[in-house]
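*Asks:* sharing a model that was predicted from the sequence below.
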Amino acid sequence: MTVLVLSCMTAGCAQPLLRSANTETAQQTTYADAMDSSPVQTDTPVTTDLPETTVPETLPPETTAPAPLQTMEVTGGGNIDLSPKGDNHDGSTGTYAPSALMYHLILEQPYTELTNLFVRPTEFEDHLQKLCAADCIFLFADEYALTEKKSIILTFDDEYEDNYTQMFPILKKYGAKATVFMITSKINMPGYLTEDMIREMAASGLVRFESHTHTHPSLTSLSAEDLAWQFAQSGEILYNLTGRYPQAICYPGGTVNDFVIGEAAKCYRFGYTTHNSADTSGCDPLALSRVRVSRGMSGNAVLSRLGWG
């Protein structure tokens, strides 16, 4: 397997890449420059009657499961240093660097080809129970900052439909925040979130939607122009649906390098990888690690992975 190199910084993680001020106005200008002036439209009609999500082991012939999305591990090497340095990225005076958890599906039984990407609803609820008992702060992906007590960022990749039918009710029960990284070309497709679901979740104040690009390509194979198009398409669609431009990106498949991070810095404040680590204290803000959560993990196991157990 090709080893993909994640770049935190240029020489031993010494200096994060320089980023311009990321105000709402600045981001709108960035997206506008990269986009056609006409707003993004979706042709698929919005479904208002929301069915219960029951996923069979084998899908009926007329049903199309979401295509499996390959997730690739990032390993250190070359000029990359993912070791903790204790740097305070944002100038805050907190003590704890947030940890991020990486989820995909919340289902009792997954699509056959996605068995490595799901967590059962009872397991997810146990995770939230234990996190709440640990008295941690729940942050959105774009709220990354050092905090006065332990903090957690719940992230969900790929906007599967169960994020609404299964994950969202549990979030509301515990008042926890979560971030969904969106492949915006998948909106309204079978097995994925609809526009109505997205609007409802965003309006709750408990879910924030960030970019997983428009079509989920391998970003390291794209030109600057193609990267700008992916970021712009994603940004405009999310703005039209939620009223805000994304401030964070999750790199598809974990494929990222210096060039991609430099281009992402023009549009985003934070970037999330598939590097499997709870310690984000030494990472560039555009190359943050996450803890992969898998089926069978109890709440206590999650705390242990975070170093809180």
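*Replies:* That came through, no problem. Predicted model, so just to flag it, every value in this text is computed and none were measured.
*Asks:* can you tell me the SS state at residue 245?
*Replies:* coil (DSSP: H, G, I helix; E, B strand; the rest coil).
*Asks:* roughly how far does it sit from residue 209?
*Replies:* To residue 209, residue 245 is 10 Å away according to C-beta to C-beta, to the nearest Å. For glycine as for every other residue, the C-beta is placed from the backbone atoms N, C-alpha and C.
*Asks:* repeat for residue 280
*Replies:* Applying C-beta to C-beta to residue 280 and residue 209 gives a distance of 21 Å.
*Asks:* show me the contacts for residue 295.
*Replies:* Residues near residue 295 by C-beta atoms under 8 Å, 6 or more residues apart in numbering: 118, 119, 120, 123.
*Asks:* next step: the residues you listed restricted to helices.
*Replies:* In this view, these that belong to helices under DSSP state H are residue 123.
*Asks:* looking at this protein, which helix or strand does the model trust least?
*Replies:* Using mean pLDDT, DSSP states H and E, the weakest-scoring helix or strand in the chain turns out to be helix 24-34, at a mean of 43.
*Asks:* so what does the following helix or strand past that helix touch, helix or strand wise?
*Replies:* Next helix or strand after helix 24-34 toward the C-terminus (DSSP states H and E): strand 99-103. With contacts taken as 3 or more C-beta pairs under 8 Å, 6 or more residues apart in numbering; DSSP states H and E, strand 99-103 sits against strand 151-157, strand 270-276, strand 288-292.
*Asks:* so what strands line up beside strand 99-103?
*Replies:* Pairing partners of strand 99-103, with direction, according to DSSP bridges: strand 151-157 (parallel), strand 288-292 (parallel).
*Asks:* just the element for residue 228, please.
*Replies:* helix 224-242.
*Asks:* could you pull up the mean pLDDT of that helix?
*Replies:* Mean pLDDT, helix 224-242: 97.
*Asks:* same deal with stretch 157-166?
*Replies:* 96.
*Asks:* now it - C-alpha only, PDB.
*Replies:* What follows is stretch 157-166, C-alpha atoms only, in PDB (Å, rounded to 0.1, in the frame of the first residue of the first chain):
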ATOM      1  CA  ASP A 157     -17.300  11.300   8.100                       C
ATOM      2  CA  ASP A 158     -19.400  11.000   4.900                       C
ATOM      3  CA  GLU A 159     -22.900  12.100   6.100                       C
ATOM      4  CA  TYR A 160     -24.600   8.800   6.200                       C
ATOM      5  CA  GLU A 161     -28.400   8.800   6.700                       C
ATOM      6  CA  ASP A 162     -28.100   7.200  10.100                       C
ATOM      7  CA  ASN A 163     -26.300  10.300  11.300                       C
ATOM      8  CA  TYR A 164     -29.900  11.700  11.400                       C
ATOM      9  CA  THR A 165     -31.900   8.700  12.300                       C
ATOM     10  CA  GLN A 166     -29.600   7.200  14.900                       C
END
